[in-house]
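Novice: Sequence and predicted structure, then a few things I'm wondering about:
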Amino acid sequence: MTPEPNPEPAPEAELHPAWLRVQLARHPKRPHSLDYIERLFADFQEIHGDRAFGDDPAIVAGMGRFEGRPVMVVAEQKGRDTKQKVYRNFGMPKPEGYRKALRAMQIAAKFNRPVITFLDTPGAYPGIDAEERGQAEAIARNLREMARLPVPVVVACIGEGGSGGALALGVGNIVLMLENAVYSVISPESCAAIIYRDSGKAEQAAAALRLTAQDLYGLELIDGIVPEPAGGAQEDPAAAAENLRQHLLCRLEEMSGRTPRQLVDHRYAKFRRMGNFFA
């Protein structure tokens, strides 16, 4: 009896482009905030502590010079190896982190320095200790105070922009995203667990969330997309940083001639337009 030939293996299903972007945004070798700070800013001096409870390494803040101009940098920082991830709490800030960020931005306002923020977090830390110290209040206060800062605020989402944890540093005159970054109200896994009762349907949820830079630019929720090297920023961090440098420089120049009142009005109008589909 002649044995039947083995059937050809079924071709692997192609991943949805949105889910591919999520994977790239979470790539273990993707540049984090400190990688960009090292390449973009001179004389960076870090600020520690919120003057109320303690310091939160998940948020890095400090003064530096960008193309010769003094600026304040506030960034969310993930860890690279296990020790760093634990130290940085996997990039999930606690209330003292957001309060440190606000303290730094208020210093920037006092000395008339532009603020540049980097978003890269799966979300604010949801632990009991964070809730006891006022996590929601700290985020809400940042949203309010960032809305009325009298200096230019430029935001760059460089990896994951996770819900209010990212938005607490995201109220800017200009919001940029790297080509393979994602920005969403909820992670695809959590969304799938709620909507489909199955976190394994994260790919399907990612497609529905419209969380890619291309989606958000089309919806006019962000102001620009920063291109990445082929394969993602992790393939050539120096080139990715240079692309970001050019966009930041252009946007700061765009905002530099505006008065404090104009900057606040511009920021207010920008966020009021979001979600408005009527003339």
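Specialist: Nice, thanks for sending it over.

Novice: downstream neighbour of the longest strand seen in the chain in the secondary structure list?
Specialist: Longest strand in the chain, counting residues (DSSP state E): strand 153-162. Heading C-terminal from strand 153-162, the first helix or strand you meet, by DSSP states H and E, is helix 163-167.

Novice: what pairs with the one residue sitting closest to the centre of the chain across the strands?
Specialist: Most central in the chain under CA atoms, centre = their mean is residue 119, positioned 1.9 Å from the mean C-alpha point. Following DSSP bridges, residue 119 is listed with bridge partners residue 157.

Novice: For residue 155, see how far away it is.
Specialist: 7 Å (CB to CB, to the nearest Å). Backbone N, C-alpha and C define where each C-beta goes, glycine included.

Novice: Tell me which residues are up against the helix or strand where residue 266 lies.
Specialist: Secondary structure assignment for residue 266, by DSSP H and E: helix 260-273. Contact with helix 260-273 is made by 147-153, 171-173, 220, 255, 258, as judged by CB atoms under 8 Å, 6 or more residues apart in numbering.

Novice: List the buried residues for it?
Specialist: Neighbour counts over helix 260-273 (16 or more other CB atoms under 10 Å) mark 263-264, 267, 270 as buried.

Novice: Columns distance to residue 29 on top of those residues, output as TSV?
Specialist: TSV is the format used below for the buried residues of helix 260-273 (distance: CB to CB, whole Å):
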residue	distance to residue 29
263	37
264	39
267	34
270	34
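
Novice: Serialize those residues to a markdown table and add fields for distance to residue 86 and pLDDT.
Specialist: Compiled in a markdown table, those are given as follows (distance: CB to CB, whole Å; pLDDT from 0 to 100):
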| residue | distance to residue 86 | pLDDT |
| --- | --- | --- |
| 263 | 38 | 97 |
| 264 | 39 | 97 |
| 267 | 36 | 96 |
| 270 | 37 | 94 |
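
Novice: about what we covered before: what about the helix holding residue 266, distance to the chain center?
Specialist: In terms of CA atoms, centre = their mean, to the nearest Å, the centre of helix 260-273 is found 20 Å from the chain centre.

Novice: What is the most widely separated pair among the contacts of helix 260-273?
Specialist: 150 and 220 (24.9 Å; CB to CB).
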